[in-house]
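Novice: Could you look at this predicted model? Sequence included:
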Amino acid sequence: MEPEDTVPEQQREQGLGGLIGSTNDLAMEPRSRIDRILQWVPRLLSSKPHIVLLMFLGIYLIVLPILGLKVSANSELIGGNYTNVTSDIGACIAAGGTLTLVGQSRRRRRIEEERLRLARETHRLLHYIHDDVARQLGHAVPMGLGKPRGPGQPQASPGSEAGPAR
């Protein structure tokens, strides 16, 4: 069995892999209409009205028969039994947990993107302030980015590493 990273792109697109998609992109923005529609399923499952409905169904199908009240066979057929109700409540809990994790992942990604942007800006500013040291280290300093020199200091040419005359 090959890991997903080593499988060529064409093979991943074929068969069920292309149909179901990757599970690594849960936090990504939806691309197609069906993805946007399916994104509502966990929200609906973990919604308060749905959980309240399942609680009432659990009381009706589980608690009332325990207390001796008769529940019709049609009600049990349509509503399910205690196994169905408890597994539905578990699915709601799982859907709510998944939504929480996806939301945290999106927030974390936005924070990391901002942190990366700030680090790049800091690096660019350091090159601006210390352009001579950046050139000595072999970093390219874009034209016009170097700091202005005083009247007694010659401007270094972009390709040279020469600093002020000594």
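Specialist: Yes, it's here. Numbers count the residues shown, from 1 in each chain.

Novice: D131 and L137 touch, don't they?
Specialist: No. Contact between D131 and L137 fails when scored by C-beta atoms under 8 Å: they sit 10.7 Å apart. (C-beta placed from N, C-alpha, C; glycine too.)

Novice: pLDDT below threshold where in the protein?
Specialist: Counting by pLDDT under 70, the low-confidence segments of the chain come to 1-30, 142-166.

Novice: repeat that with 90
Specialist: Applying pLDDT under 90 to the chain flags residues 1-66, 68-100, 102-103, 123-166.

Novice: Helices along that one, start to end?
Specialist: 9-13, 15-20, 33-38, 40-45, 48-58, 64-66, 73-79, 82-129, 131-136 (DSSP state H).

Novice: so can I have TSV of those helices showing mean neighbour count?
Specialist: As requested, the helices of the chain are arranged in TSV below (neighbours: other C-beta atoms under 10 Å):
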stretch	mean neighbour count
helix 9-13	10
helix 15-20	9
helix 33-38	10
helix 40-45	13
helix 48-58	14
helix 64-66	12
helix 73-79	11
helix 82-129	13
helix 131-136	16
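
Novice: Phi, psi for H139 please.
Specialist: Note on H139: its backbone torsions stand at phi -80, psi 140 [degrees, to the nearest 10].

Novice: Give me the neighbour count for it.
Specialist: 13 (other C-beta atoms under 10 Å).
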